[in-house]
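A.B. asks: Below is the sequence, then the predicted model.
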Amino acid sequence: MAMKKKDHLELYRQMVLIRRIEERAAELYQEGKIGGFLHLYIGQEAVSTGLISVRKPEDRVITAYRDHGVAINCGISAKQVLAELLGKETGISKGRGGSMHMADVEKNFWGGHAIVGSHLPVAAGMALGDQYLGNQAVTICMFGDGATNIGFFHEALNLSKVWNLPVLWVCENNQYGMGTSVNRASAVEEIHKKAEGYAIPHSRLDDGMDLIKVRESSATALEYVRSGKGPYFLEIVTYRFQGHSMGDPQRYRQKDEVTQWEKTDPIGIYNRYLIKQELASQADLTKVEKAVEEEVKEAVVFAENSPEPGLDTLFDYMYASEEHNHG
Amino acid sequence: MAEITMRQAISDALREEMERDDKVFIMGEEVGVWGGTYAVTKGFFEQFGEKRVKDTPISEAAIVGAGIGAALVGLRPVSELMTINFAFVAMDHIVNEAPKLRTMFGGQMKVPLVIRTAGGGGRQLGATHSQTPDAIFAHFPGLKVVSPGTPADAKGLLKSAIRDDDPVLYIEHAAMYQVKGEVPAGDFTVPIGVSKVQREGSDVTIVSYSRGLQLSLQAAEQLAGEGIRVEVVDLRSLRPLDMGPVIASFQKTNRAVVVEEGWKSYGVGSEVVSRLYEEAFDYADAPIKRVAQKEVPLPYNQALEQSALPQVADVVAAVKEVL
């Protein structure tokens, strides 16, 4: 768990990179350069950054549609993320997926799934595959609080325990499923308690804005699953500073609620922690921030200058058997 | 060639593929200890053990969803849905997940998953357990949908489906497990997406598949007694749909009837007839007819149920109408 200075700076870099990409994406969306839906990860950076920082390369990651941050933490470049948002051939999903569907199989990141809860049974199946093949990998499945009210969640949790699958269920509780708060949508407000119904051990981290705490909780949970004891359920409480997606008027919450949470900005918390613990100087952190700004600037240029997918490639990836890839 | 039942042919295909490749495994409700509700996997649990013959909870979304996940990481799962009527509760994974992943992630993933299931009516199971919704699934690009009408095709298509790198919905007919037919010995495959002329003739073309094929072959035999030579084309795959042999036959006979067990509206027949009119309109000497299920939820009462399902007599009558 102990990290060297360069490891801290790398995690700080990832959080700042996610923030800057999301801010830039919001602008590009307003400029009409990004189509479709755009769900920003701003405010939740510590969750994905902390969680994925303790995975091993063989551990698989799968998430829902708010996936840009997860993509960055899994090692996808800013260029590939932004190019995907712009629908370019150089995007991580070759412009076929867009904001909600990013994946990089080589980096063991399996997407980016946009039907709420649908990836939970898939995650169980990936863990089943590793169990079947005798791999030591853990499947880390991230989802929002909203996903715990759909049937897929319950089928997947039950199956994971019946078969004792190596899967870590991580509920990112950002307190709203679109505009409906947890207490208006879920019979159980402390979501981790739902795991009780499936005899899956569980815990809740109330402070998901603190990267160090996220790392500790995640490492403990991952270790439990890796030891072969079966699934584990970790709830991490967090908050999204922006609306559900672009264009959300946010009638469901008060401005001071958002302001209050912004005081616990995960990047600010980590910044102060690093300085207070003398793990990095303000100059170190400013250097990281400057480098990230450059990287994002270059990534936007790369994305804007990248080619569109050729119209003659429309059917290219429909089937693995290429003879069937036509209209 | 030995004459075996459809049940035996499907069972043989599954067993041979599991013996050939240890990445193939099956999961579903009652596939293991019970031996399969249609006895297709009888003896499998004893032969292959719990790891490869997995009984699941009654959780169809998880059966298909977990099949997708296992396929993504390198296995060749056969997810069994006890009947196609239960596929609706797994709809998202069948139509909105499995067929989409490869395109959506720019070709990074493949989903070598087979979803085996049985459909069809005629067994007095009432409206919710007797459906033939094949066309619904065939609507979705990215999915492959096959439905054999003979034991030989049942065996060869299932082997192809298991070896295929794409998701395949393999639809059996619950009232056809006892149907017998000649099946070549040993290992062979039938290609997905290739229609086949099952009986040659020159007067009229019947296009069908699955149990409709059996009705059509019986009708053709009966009509032969009256001197009418019927050609029967078996689609075998609904997606990809191979219209080649259908059009070639129609160009020869200039008359066609499409026979299916599902409802007529928005059905397989609707698709085939449209394609014939679009691609071979000039060859038509008579309006093309469709024989299908009457448009009502199937009743329990045997006489009512049979009156709603297509019968050999309906096929014979339709052929005479287009002549």
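C.D. replies: Looks like it arrived, so ask away.

A.B. asks: how about the helices in the stretch 1-150 of chain A?
C.D. replies: Per DSSP state H, counting those that start in this stretch, the stretch 1-150 of chain A carries helices over the ranges A:5-30, A:45-53, A:68-73, A:78-85, A:119-133.

A.B. asks: name the helices or strands packed onto the first one?
C.D. replies: Pointing back at helix A:5-30 there. Secondary-structure packing of helix A:5-30 (3 or more Cβ pairs under 8 Å, 6 or more residues apart in numbering or on different chains; DSSP states H and E): helix A:45-53, helix A:68-73, helix A:78-85, helix A:266-276, helix A:282-305. Where you see a C-beta, it was placed from the backbone N, CA and C, and this is true even at glycine.

A.B. asks: before we move on, back to that, just put the helices of the stretch 1-150 of chain A in JSON lines and tack on mean neighbour count.
C.D. replies: Shown next, in JSON lines, are those (neighbours: other Cβ atoms under 10 Å in any protein chain shown):
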{"stretch": "helix A:5-30", "mean neighbour count": "19"}
{"stretch": "helix A:45-53", "mean neighbour count": "27"}
{"stretch": "helix A:68-73", "mean neighbour count": "28"}
{"stretch": "helix A:78-85", "mean neighbour count": "26"}
{"stretch": "helix A:119-133", "mean neighbour count": "28"}
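
A.B. asks: can you put the ones you listed in a markdown table and add mean pLDDT?
C.D. replies: As requested, the helices of the stretch 1-150 of chain A are exported to a markdown table (pLDDT from 0 to 100):
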| stretch | mean pLDDT |
| --- | --- |
| helix A:5-30 | 97 |
| helix A:45-53 | 98 |
| helix A:68-73 | 98 |
| helix A:78-85 | 98 |
| helix A:119-133 | 98 |
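
A.B. asks: picking up where we left off before, which one of the helices and strands packed on helix A:5-30 lies closest to A:Val170?
C.D. replies: helix A:45-53 (6.2 Å; Cβ to Cβ).

A.B. asks: Would you mind pulling the contact partners of that closest one?
C.D. replies: Outside of helix A:45-53, the residues within contact range by Cβ atoms under 8 Å, 6 or more residues apart in numbering or on different chains are A:11, A:14-15, A:18-19, A:41, A:61, A:63, A:69-70, A:73-74, A:140, A:142, A:170, A:172, A:208-215, A:218, A:236, A:238, A:266-267, A:269-270.

A.B. asks: for the residue nearest the centre of chain B, what are its contacts?
C.D. replies: Central residue of chain B (Cα atoms, centre = their mean): B:Ser147, 1.4 Å from the mean position. Neighbour list for B:Ser147: B:Asp134, B:Tyr170, B:Ile171, B:Glu172, B:His173, B:Tyr209, B:Ser210, B:Leu235, B:Arg236, B:Ser237, B:Leu238 [criterion: Cβ under 8 Å, 6+ apart].

A.B. asks: how about CSV for the helices of the stretch 1-150 of chain A, with distance to B:Ala161 added?
C.D. replies: Formatted as CSV, the helices of the stretch 1-150 of chain A follow (distance: least, Cβ to Cβ, whole Å):
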stretch, distance to B:Ala161
helix A:5-30, 41
helix A:45-53, 36
helix A:68-73, 33
helix A:78-85, 32
helix A:119-133, 18
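
A.B. asks: right, and those helices - which one's nearest B:Ser270?
C.D. replies: Closest of the helices of the stretch 1-150 of chain A to B:Ser270 is helix A:119-133, at 32.6 Å (criterion: Cβ to Cβ).

A.B. asks: Show me what that closest one is packed against.
C.D. replies: So helix A:119-133, by 3+ Cβ pairs under 8 Å, 6+ apart, packs with strand A:60-63, strand A:109-112, strand A:139-144, helix A:151-162, strand A:167-173, helix B:60-72.

A.B. asks: Of these, flag the one that's most buried.
C.D. replies: Of all those, helix B:60-72 has the most neighbours on average by mean count of other Cβ atoms under 10 Å in any protein chain shown, namely a mean of 30.

A.B. asks: okay, it in PDB with CA atoms only?
C.D. replies: Extracted C-alpha coordinates of helix B:60-72, given in PDB (Å, rounded to 0.1, in the frame of the first residue of the first chain):
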ATOM      1  CA  GLU B  60     -32.400 -15.900 -17.500                       C
ATOM      2  CA  ALA B  61     -30.700 -12.500 -17.700                       C
ATOM      3  CA  ALA B  62     -27.800 -14.000 -15.700                       C
ATOM      4  CA  ILE B  63     -27.700 -17.200 -17.800                       C
ATOM      5  CA  VAL B  64     -27.300 -15.200 -21.000                       C
ATOM      6  CA  GLY B  65     -25.300 -12.300 -19.400                       C
ATOM      7  CA  ALA B  66     -22.800 -14.600 -17.800                       C
ATOM      8  CA  GLY B  67     -22.600 -16.500 -21.100                       C
ATOM      9  CA  ILE B  68     -21.500 -13.200 -22.700                       C
ATOM     10  CA  GLY B  69     -19.000 -12.500 -20.000                       C
ATOM     11  CA  ALA B  70     -17.500 -16.000 -20.200                       C
ATOM     12  CA  ALA B  71     -17.300 -15.800 -24.000                       C
ATOM     13  CA  LEU B  72     -15.500 -12.400 -23.800                       C
END
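
A.B. asks: between that helix and helix A:119-133, how many degrees?
C.D. replies: Comparing the axes of helix B:60-72 and helix A:119-133 via axes from the mean of the first three to the mean of the last three Cα atoms, to 10 degrees yields an angle of 50 degrees.

A.B. asks: tell me the angle helix B:60-72 makes with strand A:167-173.
C.D. replies: Helix B:60-72 and strand A:167-173 meet at an angle of 120 degrees, taking the same axes, to 10 degrees as the criterion.

A.B. asks: which non-adjacent residue is nearest B:Gly69?
C.D. replies: In this structure, B:Gly69 finds its nearest non-sequential neighbour in A:Gly125, 2.2 Å apart by Cβ to Cβ, 6 or more residues apart in numbering or on different chains.

A.B. asks: these two touch, right, the one you found and B:Ser79?
C.D. replies: No - with contact defined as Cβ atoms under 8 Å, A:Gly125 does not count as touching B:Ser79 (9.1 Å).

A.B. asks: shared neighbours of the two, which are they?
C.D. replies: Residues touching both A:Gly125 and B:Ser79 (Cβ under 8 Å, 6+ apart) are B:Ala66, B:Gly67.

A.B. asks: B:Pro77 belongs to a helix, doesn't it?
C.D. replies: No - the assignment for B:Pro77 by DSSP: H, G, I helix; E, B strand; the rest coil gives strand, which leaves it out of any helix.

A.B. asks: Would you mind listing the residues in contact with the nearest residue to it once chain neighbours are set aside?
C.D. replies: Using Cβ to Cβ, 6+ apart and skipping residues adjacent in sequence, the residue nearest B:Pro77 is B:Gly67, 4.2 Å away. B:Gly67 sits next to A:Gly125, B:Met27, B:Pro77, B:Val78, B:Ser79, B:Leu113, B:Ile115 when contact means Cβ under 8 Å, 6+ apart.

A.B. asks: again, only this time at 10 Å
C.D. replies: With contact set as Cβ atoms under 10 Å, 6 or more residues apart in numbering or on different chains, B:Gly67 has these partners: A:121-122, A:125, A:128, B:25-28, B:75-80, B:90, B:93-94, B:98, B:111-115, B:167.

A.B. asks: What of B:Asp282?
C.D. replies: B:Gln251, B:Asn254 are the contacts of B:Asp282 under Cβ under 10 Å, 6+ apart.

A.B. asks: Let me know the secondary structure of it.
C.D. replies: helix.

A.B. asks: what are the phi and psi angles of B:Glu16?
C.D. replies: Phi and psi for B:Glu16, reported as degrees, to the nearest 10, are phi -60, psi -40.

A.B. asks: Isn't it up against B:Lys159?
C.D. replies: Yes - B:Glu16 is in contact with B:Lys159 according to Cβ atoms under 10 Å; the separation is 7.2 Å.
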